[in-house]
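Trainee: need a 3D model of the sequence below.
(one chain, ligands or ions: 2)
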Amino acid sequence: MHVGTVISTASTPSTEKFHFVLTENGEIKKGQFVAVRSEEGNIIARVADVIRVNPYFERAESVREFERSGKSLTELFPSDRWEYRVGEAVPLGVYNTSGELQRSFVPPSPGEKVFLAGKEELFNFFGFDEHGLFLGEVLHHNVEVKLNLTRLLQKHLAILAMSGAGKSYLTSVLVEELLERKENFGKIGIVLIDTHGEYIGFAEDERYMHNTFVVEGKDFKIGVPSLSPQFFAEFIPQMSAVQRRELTKLLAHLHEERRERPFDLNDLLEMLENDKIIKKSDTRSILYTYLSELNATGLFGYYDNPSLDKLTRPGQLTIIDISDLTSQKEKQIIVSYIGRRLFEARRIERIPPVLFVIEEAHNYAPESVKREAAISRGIIEKIAREGRKFHLSLCLISQRPINLSTTALSQCNTHIILRVTNPYDLEHIGKTSEGITRDVLKTISSLQVGEALVVGEAVNYPLFFKVRKRKSKKTERGISLEEAAKRFMEKLNSISRDAKAFM
Ligand SMILES: Nc1ncnc2c1ncn2[C@@H]1O[C@H](COP(=O)(O)OP(=O)(O)OP(=O)(O)O)[C@@H](O)[C@H]1O
Ligand SMILES: [Mg+2]
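Mentor: Ligands and ions are numbered 1, 2, ... in the order given. Below is the predicted model:
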């Protein structure tokens, strides 16, 4: 569709910007994409703004003078006819004559016709994949956003936005796509840390229930016999080298004594009480304190629940619903254990490639917090650094990117950003997400719920899109404040009715 013609201004067209006057019926909106030819090929450009101009209204004094005479310019002159709309566009890249995408080094000539970018053109321009994950539609264009699985996930994904902007909604859409994916395009496993029990709707939805497995926090167990000293060091970060060495000896001793019979932390504590191996009594007593604290979490037992084989399967969504736990430490221990199990199992390919989704990631990999209060940070950072080699991918979701480990976040090569208004968060996102210009950053704060920006590995150029409607059932955990107040009043009234009836 022909929408305009390139005009010549004092400083444009240049390689960075050009202006075009819109045709009579040409419709163009800020944020849309246009195409224009140059010697190099077909330039694709983003419309940064649309301006209206009218020479009749250019001079303040003449507009005022006419008004003073009691008449208006519009009555005396055909001023409507002289209103033009001018688009300001930023070239993003050019398809050269052999159809390759490159940076543009030559501006379009004044007089060149400007067209609305075509569907197929945009699909290829952004690097979408016919068999990719369908997450939504390019804003203002009827083009499906289908992101290539490898490009989106292999080098990790971060979903960042303020509370209520639609992070969990988008994550559900992503999960749907992964669950519905055909086997011949590659099906991976998903393990999702669900802090608020928001995803259990998948287990109640006919479409997805067969492939969804929910583990509640209270049933989660860590099998002590399979724990190496390394795990204990992770759960007890404050343990010294000496204490760790002694614990290693003790564990070896218990393994030998028990042979094939399983044991738990109670057995380990009992052995410690009657121990002859550890010479120093203060080492013994401090280890006793540490292990008793771990034991008190109730997370440790004879066997793992779920077992590694149940934890992840191709095309299976495993929801670790820890909404019933209140202790931050317990939640971190669970995340840390799962993370390390997945990492080690992927290294020897015992399990399928996995996407490890962590909601409220800033609570599990916090920045600038002491090691003791960040038990799971180590393994999350390790997966972020090394996971891609073993096809273990992270999806970190956070409404406080400032509080999220920079090591982990900087390894997430694709960022999807929804609405953010806090200036500190915006500034941080501008610094940590590559390819975000000032102009793009400004748009982030004006996004509506469900509108998103994707930048990084998954797309050739930063792109705004509208998240598609989800198909899965939403779990209604929260009710509105009005509803809560009404329900409370009803309860009060019914109590007083019952009391009266009784009297
Ligand atoms: N793309 C969308 N289309 C329609 N409704 C949406 C969309 N995205 C989000 N919503 C609605 O907006 C509300 C908030 O969304 P969601 O729970 O995903 O936000 P969030 O970013 O995860 O918030 P929090 O940080 O509090 O977890 C929900 O009621 C959800 O249904
Ligand atoms: Mg959420």
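
Trainee: interface residues of this protein facing ligand 1?
Mentor: 161, 163, 164, 165, 166, 167, 168, 169, 399, 449, 450, 467 (C-beta under 6 Å from any ligand atom). For the C-beta atoms, the positions are set from N, CA and C on the backbone; glycine is no exception.

Trainee: pretty sure the fourth one is in a strand, no?
Mentor: No. Judged by DSSP: H, G, I helix; E, B strand; the rest coil, residue 165 forms no part of a strand; its state is coil.

Trainee: relative to ligand 2, which residue of the stretch 351-500 of the chain is the closest?
Mentor: residue 359 (6.2 Å; C-beta to the ion).

Trainee: quick one: which of the residues of the chain next to ligand 1 has the most company?
Mentor: Neighbour counts for the residues of the chain next to ligand 1 peak at residue 161, which has 26 neighbours (criterion: other C-beta atoms under 10 Å).

Trainee: I figured it hits residue 419, correct?
Mentor: Yes. At 5.7 Å, residue 161 counts as touching residue 419 under the criterion of C-beta atoms under 8 Å.

Trainee: so which of the residues of the chain next to ligand 1 also contact ligand 2?
Mentor: 167, 168 (C-beta under 5 Å from the ion).

Trainee: for residue 300, state which of the residues of the chain next to ligand 1 is nearest.
Mentor: Using C-beta to C-beta, residue 168 is the member of the residues of the chain next to ligand 1 that sits closest to residue 300, with 30.3 Å.

Trainee: contacts only, for that closest one.
Mentor: Residue 168 makes contacts with 198, 199, 359, 397, as judged by C-beta atoms under 8 Å, 6 or more residues apart in numbering.

Trainee: from ligand 2, how far out is residue 51?
Mentor: Going from residue 51 to ligand 2 by C-beta to the ion, to the nearest Å gives 39 Å.

Trainee: so what's that residue up against?
Mentor: 85, 86, 87, 88.

Trainee: for it, give me phi and psi.
Mentor: Main-chain dihedrals, residue 51, degrees, to the nearest 10: phi -120, psi 140.

Trainee: any idea what it is bridged to?
Mentor: Residue 51 has these beta-bridge partners by DSSP bridges: residue 86.

Trainee: so which strand or helix has the closest residue to ligand 1 within the stretch 1-150 of the chain?
Mentor: Proximity of the stretch 1-150 of the chain to ligand 1 (C-beta to the nearest ligand atom) peaks at residue 136, 7.6 Å away. Secondary structure assigned from DSSP states H and E places residue 136 in strand 133-138.

Trainee: what is the mean pLDDT for that strand?
Mentor: Across strand 133-138, the average pLDDT comes to 97.

Trainee: and whatever helix or strand comes next after it, which strands flank it?
Mentor: Note on strand 133-138: by DSSP H and E, the next helix or strand toward the C-terminus is strand 144-147. Using DSSP bridges, strand 144-147 pairs in its sheet with strand 133-138 (antiparallel).

Trainee: only the C-alpha atoms, please, for the partner strand, written as PDB.
Mentor: C-alpha atoms of strand 133-138 as PDB (Å, rounded to 0.1, in the frame of the first residue of the first chain):
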ATOM      1  CA  LEU A 133       6.300 -20.100  19.300                       C
ATOM      2  CA  PHE A 134       3.200 -17.900  18.500                       C
ATOM      3  CA  LEU A 135       3.200 -15.300  21.200                       C
ATOM      4  CA  GLY A 136       1.100 -12.500  19.700                       C
ATOM      5  CA  GLU A 137       0.800  -9.900  16.900                       C
ATOM      6  CA  VAL A 138       3.100  -7.100  15.900                       C
END
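
Trainee: any buried residues in that strand, and which?
Mentor: 133, 134, 135, 136, 138 (16 or more other C-beta atoms under 10 Å).

Trainee: same thing with stretch 400-416?
Mentor: Those would be 400-406, 408-409, 411-416, for stretch 400-416 by 16+ other C-beta under 10 Å.

Trainee: and the end-to-end length of it?
Mentor: End-to-end distance of stretch 400-416 (C-alpha to C-alpha, to the nearest Å): 14 Å.

Trainee: give me the mean pLDDT for that stretch.
Mentor: Mean predicted confidence for stretch 400-416 is 95.

Trainee: list the buried ones in stretch 81-89?
Mentor: Applying 16+ other C-beta under 10 Å to stretch 81-89 flags 85, 86, 87, 88, 89 as buried.

Trainee: next one: stretch 121-128
Mentor: Quick answer for stretch 121-128 (16+ other C-beta under 10 Å): 121, 122, 123, 125, 126, 127, 128.

Trainee: quick check: mean pLDDT of that stretch?
Mentor: 93.

Trainee: now it, how far from the chain's geometric center?
Mentor: 22 Å (C-alpha atoms, centre = their mean, to the nearest Å).

Trainee: what sits up against that stretch?
Mentor: 33, 35, 42, 44, 92-93, 95, 101, 117, 138, 141, 143-148, 151, 458-461, 463.

Trainee: residue in the stretch 151-300 of the chain nearest to ligand 1?
Mentor: For the stretch 151-300 of the chain, C-beta to the nearest ligand atom, closest residue to ligand 1: residue 166, 2.8 Å.

Trainee: measure that residue to residue 147 for me?
Mentor: 17 Å (C-beta to C-beta, to the nearest Å).

Trainee: what of residue 302?
Mentor: Residue 302 is 43 Å from residue 147, by C-beta to C-beta.

Trainee: more neighbours, these two?
Mentor: Taking other C-beta under 10 Å, residue 302 and residue 147 do not tie; residue 147 has more neighbours (28 against 14).

Trainee: ok, that one touching residue 131?
Mentor: No. With contact defined as C-beta under 8 Å, residue 147 does not reach residue 131; the gap is 10.5 Å.

Trainee: and the residue lying closest to residue 97 once chain neighbours are set aside, how far from ligand 2?
Mentor: Closest residue to residue 97 apart from its sequence neighbours, by C-beta to C-beta, 6 or more residues apart in numbering: residue 41 at 5.5 Å. Residue 41 sits 43 Å away from ligand 2, going by C-beta to the ion.

Trainee: which ones are touching residue 41?
Mentor: Counting by C-beta under 8 Å, 6+ apart, residue 41 has contacts 94, 95, 96, 97.

Trainee: next one, pLDDT for it please.
Mentor: For residue 41, the model assigns a pLDDT of 92.

Trainee: now residue 478
Mentor: On the pLDDT scale, residue 478 gets 59.
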